[in-house]
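**Q** predicted model, plus sequence, below.
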Amino acid sequence: MKRIYLDHAATTPIDPIVLEAMLPSLTGNYGNPSSIYVEGRAAKKSIEAARLQIATAINADTREIYFTGSGSEADNWAIKGIAMKNQAKGKHIISTTIEHHAVLHTCQYLEKQGFEVTYLPVDENGLISLDDLKKAIRKDTILVSIMFANNEIGTIEPIKAIGEIVKEKGIIFHTDAVQALGNIPIDVKDLNVDLISLSAHKIYGPKGIGVLYIRKGVPIDNLIHGGAQERKKRAGTENTAEIVAFGKAAELANQHLEENAIHMKTLRDVLIKGVMEKIPQVRLNGHPQQRLPGNANFCFDYIEGESILLSLDIIGVAGSSGSACTSGSLDPSHVLLAIGLPAGVAHGSLRLSIGKSTTLEDINYVVDNLVVIIERLRKMSPINAECPIDDAVFEKADHHKH
Amino acid sequence: MKRIYLDHAATTPIDPIVLEAMLPSLTGNYGNPSSIYVEGRAAKKSIEAARLQIATAINADTREIYFTGSGSEADNWAIKGIAMKNQAKGKHIISTTIEHHAVLHTCQYLEKQGFEVTYLPVDENGLISLDDLKKAIRKDTILVSIMFANNEIGTIEPIKAIGEIVKEKGIIFHTDAVQALGNIPIDVKDLNVDLISLSAHKIYGPKGIGVLYIRKGVPIDNLIHGGAQERKKRAGTENTAEIVAFGKAAELANQHLEENAIHMKTLRDVLIKGVMEKIPQVRLNGHPQQRLPGNANFCFDYIEGESILLSLDIIGVAGSSGSACTSGSLDPSHVLLAIGLPAGVAHGSLRLSIGKSTTLEDINYVVDNLVVIIERLRKMSPINAECPIDDAVFEKADHHKH
Amino acid sequence: MEYTDVVMENFTCPKHVGEVEGANGIGQVGSPACGDIMKIFLKINDDDIIEDASFKTFGCGAAVASSSMATDMIIGKSIEEAAKLTNSDVVDALGGLPDVKIHCSVLAAEAIQAAIEDYKKNKKK
Amino acid sequence: MEYTDVVMENFTCPKHVGEVEGANGIGQVGSPACGDIMKIFLKINDDDIIEDASFKTFGCGAAVASSSMATDMIIGKSIEEAAKLTNSDVVDALGGLPDVKIHCSVLAAEAIQAAIEDYKKNKKK
Ligand SMILES: Cc1ncc(COP(=O)(O)O)c(C=O)c1O
Ligand SMILES: Cc1ncc(COP(=O)(O)O)c(C=O)c1O
């Protein structure tokens, strides 16, 4: 059966051009980049070429690009590294309620170590308020970490405006741009951002390779200590093959940024229109305009997300949900709760994220089948418009809390 | 020109069988292992198969195997994770003076954060003393981290005996077994070890993938916070391809452990005998017997290591040196200093590490050419047996300290 | 997370979906906030034998499959026997459930008990 | 770290290795502990012109190449001119050196200065 992959926000297949670029580093080019002999120098060279490709993609200097083992590591490094290094100045951090877990759980860990974190709320579209940010800034604030674009609902935060506010106060600003890369332009010369997290596997590169952009001169502790790799800032023998792949993927993403974005946006709008028109009792999550080109996120009342995903999977479609049931926890997505959805509704969410190879037929197929799937699951559900269940009652009853 | 690669301790080429095993995860099998649809489940399955291969190789339970982004990350995680989690019990750590930088620099970082570290000395062969260890243990000792086998001089530490001493005191024991894997048997059921660091690229797997073995029940903080991957202990979308590759590499290493070890040991002994007999003024570093099967490490008096490496590189041979000049710092290897070599002598070190594909002809070629190279460089040197230079004088003069 | 074939079968073609006609014992457990609600309908005859059973479920694949399997397992049984149905019985019949989904089978057993209680209460009146 | 072709040439086939016969100015700098020792031998004629020069070096590729290049650059020059040779002159002549190796060129310039000093001292006696 033909598969229709609509979970590009979770991960993407490796582009054949990227694979071709990385293969020589798997079949040969195995030298340790720190070694001085031929094999080592060749590996070093390919890493530096990739560093330039990444730097170019975000308009940075190559000396500001540090490779990590994932986007999560980049987030952890940025936040812990800044916190540890600058704690003498203050122990207050500002972030948001809709960050990726890599930021959120890192902040929570720092709270246990004696740091204080203010989590800015967001409005019903997922946007933070600049006023809230200004009010949250204190004398002892050392770091602001606000994501570029949200991975679940696709909302794009006003990073440039945030940067201006933060810079004026002399505070370090980190943004998790893992979802932004390849989807919206990132220009470090234009933005007042000090640290940026990136990850290759969201832009048709391999999993397990990330980047932390560190603006020159920003004081930061290492997260992974050891050898002198990455200009003594990130230890560990370099993952040459995946670094080369990330470089190529970033180059391609940059070259085709606009064309890919238009393609995804067009299909996304067809998808959103189709779902909203053909299926009753559905809402679109995230900002209606200010959102990632490939992101569509819906809540279908009265049904639960995992059963939608399973039903889609059976007919060949891959999507994701903010339902608790897909995460192994019983709480639905913190992002959907943060934009004000009741837990019961949040459980019924479906995220479909479009990629550069998605076609109009794919979208039409999905819309048509979703109509049937949603209807079937709703028939199976004990709740509906005539027989709604008051969340509050159930929550108070607390019968099934875990 | 044919290349003779004798730096397997630095990194190894990917075994074609390993590459074949990992390729499907690069060309397809791209699902996010946390996703519930077909693509995700397939990726999850291949990761769990690899976990079993690694577990089998060290006789552990699959639930004790956690994938990381490198051996360095595993070391950092083990040491920081135990330190942070158990600091209420005490803030004293015991390690050695000859650890890899991933352990050493992590310990030094913790010292800055208020921990105390005792670095056990080693004898001229690189062995720690069990008596020293016993004496170093205090009431507030929470962790002992001693490497399984040294990456420079190849000396194998008495891990089992250390484990017995440490276990009796109820202290957590970590060993960096990055160099041991594939070279000497590791059996967690036989050893009293709580945490073990491993890395794929030393056993013909790719760079950028490591493992931390964590014995069930050992209390440890996360190093990389975020998503629920690796049973909520190590965040970041899984590097499926490299995990699969590590699994295969570990399986192969385990299957051919004895045969590979015998092969390497045989060639190593030819190499050592040849060099010691044909070249005057040379010493063998590391324990004469208790050493890694593939490791040979020499010091040639009166000459400097990098110029040996360059000369070898030119005739097609890749080796490494503990000379400062190869590391970007001006201090020679801390390991060579720890076994008591004067700095001037340590600068003249050469490590040749043999792999499973090394041949007797390779070794003969290297020995014959080394004779010529060493002679040539010695002729160029202002110091020699008749005109030795007293290190101490120069160190005191301090004219060229950086 | 990996579902067994039996779970997938019971999810894609669940038995006994809907509201059995003449149901005289209805039980509902769970909450939408937790992501599962199970409602069980029992038609019990005068000899306290469950003649028919059905369900409506808001929940994940495991919740639907557990409902389907559990209702199927109690049809034809006395309410005494049915009340003894444990969540492990359901899990076993499904060929296993992922750890994080065990609670779905618990819900199914609880919903049946709630339906039987409801029947008993109705009978007393 | 990557050496230029000129560096590699001067390392593999260094010019002026050894002890020039009749050297009347000898300078040595560095220490084995730091990984480099450079010894420069100068043969200076009565007009204070460097007729010949040579070196012996314990050190890395850059140290050998710097010694080779520096000695080559000063032959035929007056000691006054030679004393003005800076490490950057050597680096430029080598087509560049890696950052961590710049100190080797410094040593070469220092060794030449030391040799000239030695010559002057001998002359005075
Ligand atoms: C003993 C030892 N520990 C740790 C490491 C670090 O492993 P990795 O390069 O995967 O970070 C190495 C090799 O580089 C090593 O030899
Ligand atoms: C916004 C965001 N941040 C961080 C990450 C983590 O990246 P990685 O999976 O490379 O660790 C992701 C994706 O997983 C993401 O979407």
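**A** On my side now, so go ahead. Residues are numbered from 1 along each chain as shown, chains lettered A, B, ... in the order given. Ligands and ions are numbered 1, 2, ... in the order given.
**Q** tell me the contacts of residue 108?
**A** In the absence of a named chain, chain A is used. A:117, B:225 (CB atoms under 8 Å, 6 or more residues apart in numbering or on different chains). Bear in mind the C-beta positions are built from the backbone N, C-alpha and C, glycine included.
**Q** hmm, I had chain C in mind actually
**A** C:38, C:40, C:63, C:66-67, C:69-70, C:87, C:90.
**Q** do residue A:131 as well
**A** Contacts of residue A:131 (CB under 8 Å, 6+ apart): none.
**Q** give the buried residues for the helix or strand it falls within.
**A** Assigned by DSSP states H and E, residue A:131 belongs to helix A:130-136. Buried residues in helix A:130-136, counted by 16 or more other CB atoms under 10 Å in any protein chain shown: A:133, A:136.
**Q** quick one: the helices in chain C?
**A** Secondary structure of chain C (DSSP state H): helices at C:5-12, C:61-74, C:79-83, C:87-93, C:102-124.
**Q** for the stretch 1-150 of chain A, same thing?
**A** Taking DSSP state H, counting those that start in this stretch as the test, the helices found in the stretch 1-150 of chain A are A:16-22, A:24-27, A:38-57, A:71-85, A:101-112, A:130-136.
**Q** which of these is buried the deepest?
**A** helix A:71-85 (a mean of 27; mean count of other CB atoms under 10 Å in any protein chain shown).
**Q** so residue A:220 makes contact with residue A:85?
**A** Yes. Using CB atoms under 8 Å, residue A:220 makes contact with residue A:85 at a distance of 5.3 Å.
**Q** what do these two both touch?
**A** In contact with both residue A:220 and residue A:85: no residue, using CB under 8 Å, 6+ apart.
**Q** thinking again about what came up before, most tightly packed of the helices of chain C?
**A** Comparing those by mean neighbour count (mean count of other CB under 10 Å), helix C:61-74 ranks first with a mean of 27.
**Q** that helix near chain A at all?
**A** Yes. Interface with chain A: helix C:61-74 contributes C:61-64 (CB under 8 Å from any CB of the partner chain).
**Q** pLDDT and distance to residue A:40 for those - can I get that in a markdown table?
**A** A markdown table is the format used below for those (pLDDT from 0 to 100; distance: CB to CB, whole Å):
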| residue | pLDDT | distance to residue A:40 |
| --- | --- | --- |
| C:61 | 93 | 51 |
| C:62 | 93 | 52 |
| C:63 | 94 | 56 |
| C:64 | 95 | 57 |
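**Q** pLDDT score for residue 40?
**A** Chain wasn't specified; assuming chain A. What the model reports as pLDDT for residue A:40 is 90.
**Q** right idea, wrong chain: chain C
**A** On the pLDDT scale, residue C:40 is placed at 96.
**Q** host element of the nearest residue to residue A:200 once chain neighbours are set aside?
**A** Spatially, and ignoring its direct neighbours in sequence, residue A:200 is nearest to residue A:246 (3.9 Å; CB to CB, 6 or more residues apart in numbering or on different chains). Element membership of residue A:246, judged by DSSP H and E, is helix A:240-255.
**Q** alpha carbons of that helix, as PDB, please.
**A** C-alpha atoms of helix A:240-255 as PDB (Å, rounded to 0.1, in the frame of the first residue of the first chain):
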ATOM      1  CA  THR A 240      31.700  13.300  10.200                       C
ATOM      2  CA  ALA A 241      29.100  11.600   8.100                       C
ATOM      3  CA  GLU A 242      26.100  13.200   9.800                       C
ATOM      4  CA  ILE A 243      27.900  16.500   9.900                       C
ATOM      5  CA  VAL A 244      28.400  16.400   6.200                       C
ATOM      6  CA  ALA A 245      24.800  15.400   5.700                       C
ATOM      7  CA  PHE A 246      23.600  18.200   7.900                       C
ATOM      8  CA  GLY A 247      25.600  20.700   5.900                       C
ATOM      9  CA  LYS A 248      24.200  19.400   2.600                       C
ATOM     10  CA  ALA A 249      20.600  19.400   4.000                       C
ATOM     11  CA  ALA A 250      21.000  23.000   5.200                       C
ATOM     12  CA  GLU A 251      22.300  24.100   1.900                       C
ATOM     13  CA  LEU A 252      19.400  22.500   0.100                       C
ATOM     14  CA  ALA A 253      16.900  23.800   2.600                       C
ATOM     15  CA  ASN A 254      18.300  27.300   2.100                       C
ATOM     16  CA  GLN A 255      18.300  27.100  -1.600                       C
END
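**Q** in chain C, what residue is nearest chain A?
**A** residue C:32 (2.8 Å; CB to the nearest CB).
**Q** quick one: that residue and residue A:98, what's the gap?
**A** Distance of residue C:32 to residue A:98, computed by CB to CB, to the nearest Å: 22 Å.
**Q** how about the strands of the stretch 251-400 of chain A, start to end?
**A** Taking DSSP state E, counting those that start in this stretch as the criterion, the stretch 251-400 of chain A carries its strands at A:282-284, A:295-300, A:317-318, A:349-353.
**Q** quick check: angle from the last one to strand A:295-300?
**A** Here strand A:349-353 points in a direction 160 degrees away from that of strand A:295-300 (axes from the mean of the first three to the mean of the last three CA atoms, to 10 degrees).
**Q** would you mind measuring from the closest residue to residue A:183 other than its chain neighbours to residue A:299?
**A** Leaving aside its sequence neighbours, residue A:183 sits nearest to residue A:292 (CB to CB, 6+ apart; 5.1 Å). Distance, residue A:292 to residue A:299, using CB to CB: 18 Å.
**Q** likewise for residue A:239?
**A** To residue A:299, residue A:239 is 39 Å away according to CB to CB.
**Q** show me which of those two is the more surrounded one.
**A** A direct count of neighbours by other CB atoms under 10 Å in any protein chain shown for residue A:239 and residue A:299 places residue A:239 higher, at 28 against 23.
**Q** the nearest residue to that one once chain neighbours are set aside and residue B:249, how far apart?
**A** Leaving aside its chain neighbours, residue A:239 sits nearest to residue B:208 (2.6 Å; criterion: CB to CB, 6+ apart). Going from residue B:208 to residue B:249 by CB to CB gives 13 Å.
**Q** if you count surrounding residues, which of those two has more?
**A** The residue with more neighbours, out of residue B:208 and residue B:249, is residue B:249; 32 against 29, by other CB under 10 Å.
**Q** surely that one and residue B:199 touch.
**A** No. If you go by CB under 8 Å, residue B:249 and residue B:199 don't touch, sitting 10.2 Å apart.
**Q** and residue 11, what is it in contact with?
**A** All of this is about chain A. Neighbour list for residue A:11: A:201-202, A:207, B:30-32, B:237 [criterion: CB under 8 Å, 6+ apart].
**Q** wrong one, I was asking about chain C
**A** Residues counted as contacts of residue C:11 (CB under 8 Å, 6+ apart) are A:307, A:310, C:3, C:61, C:64-65, C:68.
**Q** what about residue A:350, how many neighbours?
**A** 26.
**Q** and it, what pLDDT?
**A** 96.
**Q** same question for residue A:395.
**A** 41.
**Q** and the contacts of residue C:11 near ligand 1, which?
**A** Taking CB under 6 Å from any ligand atom, there is no overlap between the contacts of residue C:11 and the neighbourhood of ligand 1.
**Q** got CSV for the residues you listed, with distance to ligand 2 too?
**A** Formatted as CSV, the contacts of residue C:11 follow (distance: CB to the nearest ligand atom, whole Å):
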residue, distance to ligand 2
A:307, 24
A:310, 22
C:3, 24
C:61, 24
C:64, 29
C:65, 29
C:68, 34
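**Q** pretty sure residue A:197 belongs to a helix, no?
**A** No. Under the criterion used here (DSSP: H, G, I helix; E, B strand; the rest coil), residue A:197 is strand, not part of a helix.
**Q** and it, how far is that from residue C:8?
**A** For residue A:197 relative to residue C:8 (CB to CB), the value is 37 Å.
**Q** and the residue of the stretch 201-350 of chain A closest to chain D?
**A** Closest approach between the stretch 201-350 of chain A and chain D, counting by CB to the nearest CB: residue A:228, at 10.1 Å.
**Q** if anything else comes up later, I'll come back, but that's it for now.
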